[in-house]
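Return atomic coordinates for the entry below.
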Amino acid sequence: MALSPDASRAAVASGGTISVVQADLPFARYGDAAQEGGLVSDPLVGMGTTITGLAFVGGRERLVSASQRILALWDLRQQSRIARTIGPELADQFEATTRPGLAISPRDGTVAWAGDDGTLMFRDPRTGRVSARAHDVDAWAGAGMFFSPDGSRLFVAGPASIGVWELRGGAVRQVAAWPYPREREVSFVAPAADGSTFIVVGDDGGVSTITTASGLARRAAAGGKPYSFAGSAAVRPNSPEILLIQSNGGTRLVNLHTGGTRPGPPLGFPAVSAAYSPDGRLLAVTDGQTSLLLWDTRASRVVRRVDAERVDRMTFSPRGDRLATITGDGRIAVWDVASGVRLGDLRVRQFQYLDARDVGYQTELAWDRASSALWTATTGGTVVRWDLDPAEWIRSACASSGRSLTADEWRQSIGGRVPEDLACRP
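Below is the predicted model:
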């Protein structure tokens, strides 16, 4: 066991695992602001042998552990060896379980986000440097931010309109604002796969489209009763249809061209969230409890049930070979779509409320189209790039432990399927 120099944190080792906890400070002390007690990070694992010594070094953010002939340095600010933080803390001004906007440019990988404080930020993904920013942005947290297919424009969904922004020469400026149709309160905004239109759904399930060429709005389908739409939908690529999830868990498909509707697939449970694969062949649907299934849209049948519990949302990778799911408490799992095997687990956290049960609802997910990386932005947390290439996981494990991991150590530290070859190579 070890205490930090300011006595606000304690590290405890058991076997090859280290847990770090901090005191519950309801008022300012030790020169810090008030803090909530509990685990500072996920347990630190990977040593493989019993840890016999611990010490904080240079403050309360770093630890040194001794295990046989190995000294290991741990950085508590680093979420993972496969994680890279590029942003500052995203303000949680309203404590209203809101998600930040997050988008990755398909042109150069520029990361853009907007949070509770109304700041729109652009950063270089390699250096983390701010390339541009704008203040007092009318962003509707959680509604979405989307780059155009060529990366020349950024669309920010606000409470009353879609803002259109351009980034040129280190300066960002708003060039247009497209108002939503005014029939009902807007509950969902998303672009079509080809970027030609935006799809807007009201709280009654009424659907409209806005063209990205002119901002012209058109009513596509009439709605029903107020608040009959649950706020969750999935736009099907290579198809004029959108899947809407009703407040009772039922689903219906709306044709954006004709306005016609038809029942959604017979899932056998009330749906909470859904996502299409990039080719539109598969539909992932969850009930938010114990069921997550993959539905073949062509064969109209269930092709796989995935052992994923309490899933709030999910998103397919750009190649469609992986599925990332997130729970309300911030646990992210990455799944192999072909086999249904869980490849590994990640976790996002807030800085102040370390054990917040709603951190997942306050986290936005976005895949990088140019790599296997997954980006997360968390209100009250920060922006993180997760490298999801298994080969990179092995290299990181080798760099951390100084040796090859065993299959049991892989299961304990990473989880999911164990690669056939875990050997470290120069």
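
residue ranges for the strands of the stretch 201-350 of the chain, please.
Under the criterion DSSP state E, counting those that start in this stretch, strands of the stretch 201-350 of the chain are mapped to 207-211, 217-221, 229-235, 241-246, 251-255, 261-263, 273-276, 282-286, 292-296, 301-306, 311-316, 322-327, 331-336, 342-347.

Can you flag the weakest of those strands by average pLDDT?
Among the strands of the stretch 201-350 of the chain, strand 342-347 carries the lowest mean pLDDT, a mean of 85.

partners of that strand in the sheet?
Strand 342-347 pairs in its sheet with strand 331-336 (antiparallel), by DSSP bridges.

Identify the residues contacting the strand it pairs with?
Contacts with strand 331-336, where a contact means Cβ atoms under 8 Å, 6 or more residues apart in numbering, come from 306, 308, 321-326, 341-348, 360, 365, 374, 376, 386, 388, 416-417. For glycine as for every other residue, the C-beta is placed from the backbone atoms N, C-alpha and C.

follow-up on the earlier one: any chance of the strands of the stretch 201-350 of the chain in TSV, plus mean neighbour count and distance to Arg60?
Shown next, in TSV, are the strands of the stretch 201-350 of the chain (neighbours: other Cβ atoms under 10 Å; distance: least, Cβ to Cβ, whole Å):
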stretch	mean neighbour count	distance to Arg60
strand 207-211	21	50
strand 217-221	18	54
strand 229-235	21	41
strand 241-246	23	45
strand 251-255	20	49
strand 261-263	12	57
strand 273-276	22	38
strand 282-286	23	39
strand 292-296	20	39
strand 301-306	15	40
strand 311-316	21	32
strand 322-327	23	29
strand 331-336	21	26
strand 342-347	19	21
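
closest to Ala112 out of those strands?
Checking these against Ala112 by Cβ to Cβ gives strand 311-316 as the closest, at 17.2 Å.

which helices and strands sit right next to that closest one?
Helices and strands touching strand 311-316, by 3 or more Cβ pairs under 8 Å, 6 or more residues apart in numbering; DSSP states H and E, are strand 273-276, strand 282-286, strand 322-327, strand 363-367.

any idea how far the shortest one is from the chain center?
Yep, that's strand 273-276 we're talking about. Relative to its chain's centre, strand 273-276 lies at 14 Å (Cα atoms, centre = their mean, to the nearest Å).

Tell me who's in contact with the residue nearest to Asp321 when sequence neighbours are not counted.
Using Cβ to Cβ, 6 or more residues apart in numbering and skipping residues adjacent in sequence, the residue nearest Asp321 is Val337, 5.6 Å away. With contact taken as Cβ under 8 Å, 6+ apart, Val337 is in contact with Ser277, Leu282, Leu294, Phe316, Gly320, Asp321, Arg322, Leu323.

need the contact list for the fifth one.
Gly320 is in contact with Ser277, Pro278, Asp279, Arg281, Leu282, Val337, counting by Cβ under 8 Å, 6+ apart.

What separation do you get for it and Asp279?
Counting by Cβ to Cβ, to the nearest Å, the separation of Gly320 from Asp279 is 6 Å.

Distance to Ser14 for the contacts of Gly320 - can I get that in a markdown table?
Shown next, in a markdown table, are those (distance: Cβ to Cβ, whole Å):
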| residue | distance to Ser14 |
| --- | --- |
| Ser277 | 42 |
| Pro278 | 44 |
| Asp279 | 47 |
| Arg281 | 47 |
| Leu282 | 42 |
| Val337 | 37 |
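
Just give me the closest of these to Gly170.
Out of the contacts of Gly320, the member with the shortest distance to Gly170 (by Cβ to Cβ) is Pro278, at 32.1 Å.

what about the closest one, neighbour count?
For Pro278, the count of nearby residues is 17 (other Cβ atoms under 10 Å).

what does Gln289 give?
Neighbours around Gln289, by other Cβ under 10 Å: 12.

Thr378 too?
Neighbours of Thr378 (other Cβ under 10 Å): 27.

show me what contacts it?
Neighbouring residues of Thr378 by Cβ under 8 Å, 6+ apart: Leu90, Pro100, Gly330, Val348, Arg349, Gln350, Val359, Gln362, Thr363, Glu364, Val384.

Could you count how many residues lie near the residue nearest to it when sequence neighbours are not counted?
Leaving aside its chain neighbours, Thr378 sits nearest to Thr363 (4.4 Å; criterion: Cβ to Cβ, 6+ apart). Neighbours of Thr363 under the rule other Cβ under 10 Å: 27.

Looking at Thr363 now. What's its pLDDT?
Reported pLDDT for Thr363: 92.

repeat for Gln79
For Gln79, pLDDT reads 66.

and what of Phe351?
Predicted confidence (pLDDT) for Phe351: 71.

Where does it sit: helix, strand or coil?
Secondary structure, DSSP: H, G, I helix; E, B strand; the rest coil: Phe351 is coil.
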